[in-house]
Structure formats: C-alpha cells, structure tokens
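1. Next input, structure requested:
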Amino acid sequence: MRQGACRIRGQIIRRLVSASPANTSTNKSSPQSHAHHYVPQWYQRRFLLPGQSKFYYLDLHPDTVVGEGFSYQRNDLLRWGPARCFYKDDLYTLRFGRAATDQMERMFFGSVDSMGLSAVPAVAGFEGISTLNGPDAFRNLPAYMGAQRFRTPRGLDEIKRISGWEDLTPIGEFYVSTPPFRIPAWLDRARRLSALGHNEPNDVLVALTGMFQAYTTMWMEGVWEIVRAGRSSTKFIVTDNPVTFYCKAMFAGDWNYPNDCNLSSIGTRTLFPLGLDRCLIITHLQLTRHPRATATEYRENARYYDPTMMHLGHIQFGRELEEDEVLRINFILKRRATRYIAAAEEEWLYPERYASTTAWDLLDDDWFLLPHLWKIQFSSGMAAGGNGWAWAADEYGRHPGNPRYQDPRMHEIDWVRHQLAEQEWAKKRLGKSRARIDDLWDHGVGDSLMDRYLRQEGLLAGPIEMEDDEVQQV
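-> This next block holds a predicted model:
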C-alpha cells in the first residue's frame, strides 16, 4: 500500500509541476514568481493620490534587531510603493519535496484578481442600475472579497483555526451567487497530492480554493451601501486585512490572533474600502430591522454555500460621510489590521488622534454604519423562475418547505421593530447626508416619509403633509 501511494504521489508531482506556467513552452521567459502580494498591487493603487507612487507604510509591530552589545527597533514608518507593500515571499508556492510550483499565484489568484480588477471600480462608481454594464460586477465582487479575506497571512491562519470547529466545506465544485467556478485539473491534482503528503502549508492553500466563497450567501443577503468620503479631507486607508469585520460587542483587544468576530452574528458588519473615497458596508438585514438586537446572537438562517439572489435596485449609494465618520472607519480598519497599514497621507495613519471616540462599543453609537433604514424594502422574500426552473426564498433565505418559511409571527414582530428603528435612526441621523437607491424603486418616498415623521416630532421645519387617507377623512 505504501509503495503504491508513493508511486501515485510521484506521478501527481510530475504532472502538477510540468503543468506549471513556468514550465510550459509558451512561458519560458516567465520564471517562477516568489513575491506574492496578498493585497494586489492594482487594489493598492486605488488608495494613492493622483501622481503619487509611494505610500506612507506603517509597521504596527516593527521588529527589534538584537546583536552583541546592541539592540534597536526597525523604523516603523516607510515610504514604499505598491510593489514593496503587502507581500510575502512564496506565500502561495505549493511544495512537493524538492519540486515547487507557483500555479496558485498565477492561475488561481490570477483568475480571482481578474474578477476583482473589473468589479471593484464598477461597484465603487455605482449610482443606480442605469450606470451598470450588466450585473457581473456584483456577482464577481463577493467571490473576490472572499478570496481577499482568506488570502492574507491572517486569513490563511484563520483557515487552520476554523477548519477544526466550523464546517465551511463547499457542496460539490460549484459555488453560489457568482459565476460558476469549476476546480481546474491542476488544482484537483494538488488536492489529491496534498491528501497523500499531509503537507500543512499545501493543505491550507488548497483549502482556501474550496472555502473562498463561504461568506458569499450571507453577504448577498445583506443590505449593501457604498459610502463616500468625497467631502472629507481624510480618505480611506488600506490594510493587510482589507475585508474587515466589525461587531461592537466583540472588542478588538480581546481577540487572540488570528481570531475574529463571526460573520454569522447579527451585529457583524463587513467593511471593504473600494478606494480613496469609497467604502462598501454590508449589514445583516436582521440588524437593520432590530439595531438593538444582541449583537453576538446568530442571525436568522446563518449558513454557507446556499443559492441566493440580491436586488440591485435596493443597493444604497451617494451618502457623503463626515470627516469624523471616515476617521472612525479608519480606526476600525487599523485596529483589525494584523501588522501593516498604508495611506496616501501620513496623518491618515493615526485616526485615533483625531476621531471623536475610540471606544469600540461606541464607534457606531450614532448609527452611521447603518444604511438608510427608510429606504430598505420591507418584503417577505423573492421568487424567480422561467424555462422550467423556479426558485424562491423569504427575506432570510429560507426556502418553501422550511417550517419557518415566511414565518408570519416573526414577520409581524420584525415590522414593529422596523418602524421603531426607522424612527430612532431618523432622529440620530437628522441633518446628515442620506443615501439613495435607484429611482425606479424609490421615487423619493423614503425621504418624504422620514421628513414627515421628523416634522411631526417638531425636529424639522415645514408643513406636515397629510397622507391620502387623511385627506379623504377631512
């Protein structure tokens, strides 16, 4: 048995390494890569000012050099360009004895980065469905975000941790909510070889290719808002953990590396800066209906790898953040970074010096991370079909046949909580910039209802317009 396994292992090694781009006749001029960027250079450049080529690059934990009779700490602040930032030698190299291949870097991450390269700017510039050139950007972005979340040194260590207690194994070789991603032959060979060789670094890299879309379902079911920092003199920073989770009840200092808050928790928000002046915030629908829910409880029907859909007409955009709000987002990003952060201006690296608060549980006390609650459709689900197929799910992704599908009691409770949340949000966000959604699905109704409520409360000047049923009664 052992000789047979060794023979199979040798055959797979030869096939895998011979298939590497570095060993093909068409790529003889391209030697195997070694500097593997876990934050792509094209993404980093989105955080540089026009004409700028170097970041202010901050090492949060600089090394101490010790020698005979001396010791000193390395400089924590450097002036480096994207080529020298956020990379690690041979991070994605698959090793099989003396043989090695960079196919993970070239082929897998090459494909993922191609999706992100087009999706990130398209989503950053979103101003309604009419501005889109098809839906691909919003289908591709969650896949890219998932890969970005797991591809960092912290993310790879997170894979080692969660594989021991949480099942993120994909169902089959196709994934949901994004274009189908079939496991290529070279990767399948790597998986089989890894299983035979029990090589932990290889195991983690191979596991990443099966797990990188684990969060897609819950992201797609969340409420998306693309906020702006156009009016703020401070812009967004880039970190070595670009896809950042924030939960006010899970304090950053309480976590040991590489632990992080769980996306399944109601109160966990996803922050993903898209460039200098754009940031995507994804909030669980359940939190928008009940912002005072216990943040650490699991959201309704939390799960992975389940087919789902999102309504592009409900994506919020256009809200301009105030400077202090940008500073608080940057503070969250910095606190959840592992070691490195970068910015176009030096002072942006130190949001804790200027933010109105650095208390973790108070950073969102004014609910600025929540989307416009008056523009969130209170629906009971979504259905689609045609050409012999049909699909349906309620607002929490439960399908027909689930005993809690469109649960009327929960829907009634949510409705009451939703109205109370709208009223509190309107008071907290009085006078602040507001998000928009596509005109086809709003026509300004949300803002009109919110302003009417504020006038009734005496918080906004102007006449109180009567609704149609009130006019008829008069």
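2. partner strands of the helix or strand harbouring Val227, parallel or antiparallel?
-> The secondary structure element spanning Val227 is strand 223-228 (assigned by DSSP states H and E). Taking DSSP bridges as the criterion, strand 223-228 forms sheet pairs with strand 278-283 (antiparallel), strand 316-320 (parallel).
3. burial of the closest residue to Thr294 other than its chain neighbours, as a residue count?
-> Nearest-residue entry for Thr294: Ile266, 7.0 Å, with adjacent residues in sequence omitted and distances by C-beta to C-beta, 6 or more residues apart in numbering. From N, CA and C alone the C-beta is placed, and that goes for glycine too. Burial of Ile266 is recorded as 23 neighbouring residues (other C-beta atoms under 10 Å).
4. Ile266 reaches Arg292, doesn't it?
-> No. In this structure Ile266 lies outside contact range of Arg292 using C-beta atoms under 8 Å: 10.4 Å.
5. Cross-check the contact I'm expecting between Met211 and Ile159.
-> Yes. The pair Met211 / Ile159 is scored as a contact, 6.5 Å apart, by C-beta under 8 Å.
6. shared neighbours, the two?
-> Phe150 (C-beta atoms under 8 Å, 6 or more residues apart in numbering).
7. Can you read off the backbone torsions of Phe70?
-> With angles defined as degrees, to the nearest 10, Phe70 sits at phi -150, psi 160.
8. Nearest to Ser118 among the strands paired with strand 223-228 would be which one?
-> Closest of the strands paired with strand 223-228 to Ser118 is strand 278-283, at 15.4 Å (criterion: C-beta to C-beta).
9. Just give me how far that closest one sits from the chain centre.
-> Here strand 278-283 is found 8 Å from its chain centre; the criterion is C-alpha atoms, centre = their mean, to the nearest Å.
10. quick one: Tyr72 and Tyr57, what's the gap?
-> 19 Å (C-beta to C-beta, to the nearest Å).
11. between the two, who's got more neighbours?
-> The residue with more neighbours, out of Tyr72 and Tyr57, is Tyr57; 21 against 11, by other C-beta under 10 Å.
12. ok, the more buried one to Glu465 distance?
-> 54 Å.
13. And for Ala343?
-> Distance, Ala343 to Glu465, by C-beta to C-beta: 46 Å.
14. and what of His290?
-> Distance, His290 to Glu465, by C-beta to C-beta: 29 Å.
15. and these two? which has more neighbours close in?
-> Higher neighbour count among His290 and Glu465: His290, with 18 against 11, using other C-beta under 10 Å.
16. in which helix or strand would I find Ser356?
-> Here Ser356 is assigned to no helix or strand, by DSSP H and E.
17. Please work out how many residues are found near it.
-> Residues near Ser356, counting by other C-beta under 10 Å: 15.
18. Same question for Ile159.
-> 22.
19. show me where pLDDT drops low in the stretch 351-474 of the chain?
-> Under the criterion pLDDT under 70, the flagged ranges of the stretch 351-474 of the chain are 466-474.
20. Please apply the same query to the stretch 101-250 of the chain.
-> For the stretch 101-250 of the chain (pLDDT under 70), the answer is 101-102, 162-200.
21. Helices of that one, start to end?
-> Applying DSSP state H, counting those that start in this stretch to the stretch 101-250 of the chain gives helices spanning 103, 109-124, 136-151, 153-162, 185-197, 200-211, 216-221.
22. could those be laid out in a markdown table, adding distance to Trp425?
-> Shown next, in a markdown table, are the helices of the stretch 101-250 of the chain (distance: least, C-beta to C-beta, whole Å):
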| stretch | distance to Trp425 |
| --- | --- |
| helix 103 | 49 |
| helix 109-124 | 24 |
| helix 136-151 | 25 |
| helix 153-162 | 33 |
| helix 185-197 | 46 |
| helix 200-211 | 35 |
| helix 216-221 | 21 |
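23. Tell me which of these sits most buried.
-> Counting by mean count of other C-beta atoms under 10 Å, helix 103 has the highest mean neighbour count of the helices of the stretch 101-250 of the chain, with a mean of 26.
24. in this structure, which helix has the most residues?
-> Scanning the chain for the longest helix, with DSSP state H as the assignment, gives helix 408-428.
25. Not counting it itself, show me its contacts.
-> Everything outside helix 408-428 that qualifies as a contact, by C-beta under 8 Å, 6+ apart, is 288-292, 300, 366-367, 370, 373-374, 378, 380, 404, 450, 453-454, 457, 459.
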